[in-house]
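1. here's a sequence, model it:
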Amino acid sequence: MSVEDLKLKGTVEAILFASPQPVELDKLCAVLERRPDEIKEVLDEVKADLNDMYIGVQLMVHGNTYRLCTKEEYAGSVAEYVAKGRTPGLSNAAMEALAIVAYNQPTTKTYVSQVRGVASSEVIESLVDKDLLEPQGRLDLPGRPMSYGTTDKFLTVFGLESLDALPSRELFMEGLAGIQNEDQPLEDFDQQVMLEEEES
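-> I've put the predicted structure just below:
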């Protein structure tokens, strides 16, 4: 393999690593000014390199999009690490709300609030702003509340191929055990849930 080919491969790997979203083949071709068959050949080499059993990440292919994610056998350890609050930018409250939505989606702000025991509207909105959750339409329930689910970025951040690769609910929730809800006193909960239902 020539130096030019090695640099091209390194560039593709760097783009895949840096992108929080799946990378489209057309965009790779446009940025690198290469034909699709050339880039596909490079991507096949990257995928083959990552197949080593001791490498923790893999290249996932969905149609004409590509992304790096954690291999399934390491997903439990990644989830445990993240659940213990070591992910920068996510509070304990956000991690707890995110876990509830991930395992019960599509679900509503009110449901998350009821499970957590504190009002969670602001937490849900912050997760939407971070592109970890997204609205998924209104449920056929009284008041037609808005439902929420996880995004592709959620899968990328947590190193998951799909929602099917989520670790067991028990393992993930054990990692959240002991998290204290400090964002709102319980005495304000009922009043806030009523407001959330009206806003939804």
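
2. so Gly137 sits against Gly149, correct?
-> No - between Gly137 and Gly149 there is no contact, the gap being 9.5 Å when judged by CB atoms under 8 Å. (Each C-beta comes from the backbone N, C-alpha and C, glycine too.)

3. more neighbours: which of these two?
-> Neighbour count, other CB atoms under 10 Å: between Gly137 and Gly149, Gly149 has more, with 17 against 11.

4. what backbone torsions are found at the more buried one?
-> Gly149 has phi and psi values of phi -150, psi 180 when expressed as degrees, to the nearest 10.

5. so how far is Gln136 from it?
-> According to CB to CB, to the nearest Å, Gly149 and Gln136 sit 5 Å apart.

6. ok, back up a step: what is in contact with Gly137 and Gly149 at once?
-> When contacts are counted by CB atoms under 8 Å, 6 or more residues apart in numbering, the set common to Gly137 and Gly149 consists of Pro106.

7. picking that back up, which neighbours do Gly149 and Gln136 share?
-> When contacts are counted by CB under 8 Å, 6+ apart, Gly149 and Gln136 are jointly contacted by Gln105, Pro106.

8. which residues sit in contact with the most centrally placed residue in the chain?
-> Residue closest to the average C-alpha location in the chain (CA atoms, centre = their mean): Phe154, at 0.9 Å. When contacts are counted by CB under 8 Å, 6+ apart, Phe154 touches Leu98, Ala102, Leu132, Leu133, Leu160.

9. quick one, grab the pLDDT at it.
-> Model confidence at Phe154, expressed as pLDDT, equals 86.

10. swap in the one 5 residues further on?
-> Looking at Gly159, its pLDDT is 72.
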